[in-house]
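Visitor: please find the sequence and the predicted model below.
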Amino acid sequence: MVEKNKVFSNKVKYGGIFSFPDFYKFTYDWLKDETGLLISEDKYKEKLSGDEKKIEIEWTGWRDLTDYFRFQAEVNFRITGMKNVEIVQDGKKIKTNKGEVEITINGFLMRDYKSKFEKSAIHKFLRAIYEKSVIAARVEQFEEKIIEECGEFLAQVKSYLDLEGKR
């Protein structure tokens with residue numbers, strides 16, 4: 001059976017000016033290019049209320065680390081009160097967005113994601129020995145890598161939104 005351990009969970013909140021299409025592209029490209037995750041969009045929901053929009057997005061990303069380990073990330077966007085606004089930048093009027101953004105990422109280390117050790121009781125027993133004595137240090141290395149990549153993603157998101165708001 002696949003064992004899925006959550007090793008990272010954190011979020012970033014931001015309120016202000018940002019370009020939603022540019023933000024969406026930045027986060028998708030960063031996850032794909034910097035972490036090598038294959039990304040699936042599981043949910044995209046927009047709700048209009050007057051001139052404001054609420055958007056909910058859920059992504060699942062994964063990358064095989066070995067034949068036994070897989071890195072999986074779940075990214076959730078909650079954008080509320082998003083409005084179209086016009087700002088002046090370098091003497092030019094630019095159309096952009098304003099609203100509240102909350103982005104959460106959960107990082108998981110999945111073990112035996114191909115269920116190779118589920119064939120019999122002896123396989124399950126061998127798996128327990130394998131995990132406790134052979135790969136304990138490897139598990140820790142992979143968990144640290146997942147924590148680092150998820151933390152860096154949130155740092156990049158925060159920097160991006162801070163820069164966008166100051167333009």
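Guide: Everything's here; your move. Numbering: from 1, shown residues only.

Visitor: okay, CA-based contacts and neighbour counts for the rest of this
Guide: Noted.

Visitor: buried residues, the helix-or-strand element of the chain with minimal mean pLDDT. List them.
Guide: Lowest by mean pLDDT, DSSP states H and E among the helices and strands of the chain is helix 121-129, with a mean of 79. Neighbour counts over helix 121-129 (16 or more other CA atoms under 10 Å) mark residue 127 as buried.

Visitor: residue contacts, residue 35?
Guide: residue 149 (CA atoms under 8 Å, 6 or more residues apart in numbering).

Visitor: kindly report the same for the one 10 residues further on.
Guide: Contacts here follow CA under 8 Å, 6+ apart; on that basis residue 45 touches 55, 56, 57.

Visitor: now residue 67
Guide: 112, 114.

Visitor: on that earlier part again, CSV for the contacts of residue 45, including secondary structure?
Guide: Shown next, in CSV, are the contacts of residue 45 (DSSP: H, G, I helix; E, B strand; the rest coil):
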residue, secondary structure
55, strand
56, strand
57, strand
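
Visitor: selecting buried members of these in PyMOL, what would you type?
Guide: Buried members of the contacts of residue 45, defined by 16+ other CA under 10 Å, are picked up in PyMOL with:
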select buried, resi 55+56+57
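
Visitor: tabulate the contacts of residue 45 (JSON lines), appending pLDDT and distance to residue 126.
Guide: As requested, these are exported to JSON lines (pLDDT from 0 to 100; distance: CA to CA, whole Å):
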{"residue": "55", "pLDDT": "97", "distance to residue 126": "46"}
{"residue": "56", "pLDDT": "98", "distance to residue 126": "43"}
{"residue": "57", "pLDDT": "98", "distance to residue 126": "40"}
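
Visitor: can you tell me the element residue 159 falls in?
Guide: With secondary structure defined by DSSP states H and E, residue 159 is part of helix 136-166.

Visitor: show me what that helix is packed against.
Guide: strand 3-18, helix 20-35, strand 92-111 (3 or more CA pairs under 8 Å, 6 or more residues apart in numbering; DSSP states H and E).

Visitor: using the three-state scheme, assign the residue nearest the centre of the chain.
Guide: Nearest to the mean C-alpha position of the chain, by CA atoms, centre = their mean, lies residue 75 at 3.5 Å. Look at residue 75: counting by three-state DSSP, its state is strand.
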